[in-house]
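J.: build me a model from this:
(chains A, B, C and D)
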There are 2 protein chains.
Amino acid sequence: MQRTDFGSMTCSIARTLDVIGEPWSPLVLRDVWVGLTRFEQLQADLGISRKVLTERLNHLVDAGILDRRPYDRRPRYEYVLTEKGTELVDLLLVMAHWGDKWLAGPAGPPVLHRHHACGEITTVDLRCTHCGEPMHATDVDLLPGPGATS
Amino acid sequence: MQRTDFGSMTCSIARTLDVIGEPWSPLVLRDVWVGLTRFEQLQADLGISRKVLTERLNHLVDAGILDRRPYDRRPRYEYVLTEKGTELVDLLLVMAHWGDKWLAGPAGPPVLHRHHACGEITTVDLRCTHCGEPMHATDVDLLPGPGATS
DNA sequence: CGCGTGGGGTTCCCTGAGGGAACTCAAGCT
DNA sequence: AGCTTGAGTTCCCTCAGGGAACCCCACGCG
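T.: Okay, the predicted model is just below:
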């Protein structure tokens, strides 16, 4: 939780930030996504303080993003993405795409993405669910929805 | 800047977080996007501390996300999105979509998005730039790219 | 049985970032 | 000359992050 409570704002962006907006949370999600699912692995890979890692994992589990489950009769646990969490990884895909384009520098992107459906190295693109045309920030109008506070 | 330097990690997600990962930054971006472009407007709308708002705006300007420009002969300034910043708003679109789906509750989404191309209230979908098929977290393999550290 | 080991956390202290309110500064307005 | 307004600064206080040490529990082994 940040100092200010984003979760109670009437804004889906703010609410999403309440779930993964804290420092490290997106990187924890990334690591779990690529297969680093255990406490020690995460701690070693990220170099995060153990205390903060514990807090983040608990928060992500509470939020329904990760599932904590034992993988041994000893008290050993691994964290796996729920469906909710998996869909949140889409956000990481978009982040990675933007970072690749604007921040990678001459060395090029550190990671490439191969699409299962076509087998090509490619990138993600935002399209309209309805008409299939590109849908970017400049292509939309915002209107108050049913959940707006009058 | 968070305590740990994400910008120097070999990861486009971490680098992107270095730009908009600090608390409030995405909400500042959202506000500028919807037309709240001045210091006082931002401060009043977000309820953010003036000190932190100053820091965030400077950081976003330094990162090339916002452009700071005078709108009066008096020392008055407004912040506008650069192209780099506008493309970053796509991230907010995806965030809003996820928040709408998973966090909005029975009241429904607070904001609706109308797509210019088709005129419909719709949502954003992630597709492959190459083949046009849906491309989500589970549809990609990750491979080391040219910018990987050996 | 007693002991070592290793994963998965707690506890502790220290620093530094966020909140909040007050103060500043440079144009205008009157 | 004094008031107002936008756009920040400055100051203090609290709380979150970093780091390292510590703890607990279930084996595996001699």
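
J.: just give me the neighbour total for the nearest residue to A:D139 once chain neighbours are set aside.
T.: For A:D139, the nearest residue in space outside its immediate sequence neighbours is B:H116; the separation is 4.9 Å by CB to CB, 6 or more residues apart in numbering or on different chains. All C-beta atoms are positioned from the backbone trio N, CA, C, and that covers glycine. For B:H116, the count of nearby residues is 13 (other CB atoms under 10 Å in any protein chain shown).

J.: same check, this time on the one 4 residues further on
T.: Other residues near B:E120 come to 12 when the count uses other CB under 10 Å.

J.: and it, its phi and psi?
T.: In terms of degrees, to the nearest 10, the main-chain angles of B:E120 are phi -90, psi 150.

J.: buried residues in stretch A:35-55?
T.: A:L36, A:T37, A:F39, A:L42, A:Q43, A:L46, A:I48, A:V52, A:L53, A:E55 (16 or more other CB atoms under 10 Å in any protein chain shown).

J.: that should have said stretch A:60-80, apologies.
T.: Buried residues in stretch A:60-80, counted by 16+ other CB under 10 Å: A:L60, A:A63, A:I65, A:L66, A:D67, A:E78, A:Y79.

J.: closest to DNA strand C among these?
T.: For DNA strand C, the nearest member of the buried residues of stretch A:60-80 is A:E78. The distance, counting by CB to the nearest atom of the strand, is 6.0 Å.

J.: show me the shaky parts of chain A.
T.: For chain A, the stretches with pLDDT under 70 are A:1-2, A:150.

J.: helices of that one, start to end?
T.: According to DSSP state H, chain A carries its helices in the segments A:12-20, A:25-34, A:39-46, A:50-62, A:83-103.

J.: what residues does chain A have near DNA strand C?
T.: Contact residues of chain A with respect to DNA strand C, defined by CB under 7 Å from any atom of the strand, are listed as A:2-4, A:38-41, A:50-51, A:54, A:57, A:68, A:71, A:74-78.

J.: single out the most deeply packed of the helices of chain A.
T.: The highest average neighbour count among the helices of chain A, using mean count of other CB atoms under 10 Å in any protein chain shown, belongs to helix A:12-20 at a mean of 24.

J.: for that helix, the distance to its chain's centre please.
T.: For helix A:12-20, the separation from the chain centroid amounts to 11 Å (computed by CA atoms, centre = their mean, to the nearest Å).

J.: touching chain B at all, that helix?
T.: Yes: for helix A:12-20 and chain B, the contact criterion (CB under 8 Å from any CB of the partner chain) is met by A:S12, A:I13, A:A14, A:R15, A:T16, A:L17, A:V19.

J.: report the contact partners of the second one.
T.: The neighbourhood of A:I13, defined by CB atoms under 8 Å, 6 or more residues apart in numbering or on different chains, consists of B:P26, B:L27, B:R30, B:L92, B:M95, B:A96, B:G99.

J.: from DNA strand C, how far out is A:G35?
T.: Using CB to the nearest atom of the strand, to the nearest Å, one obtains 14 Å as the distance from A:G35 to DNA strand C.
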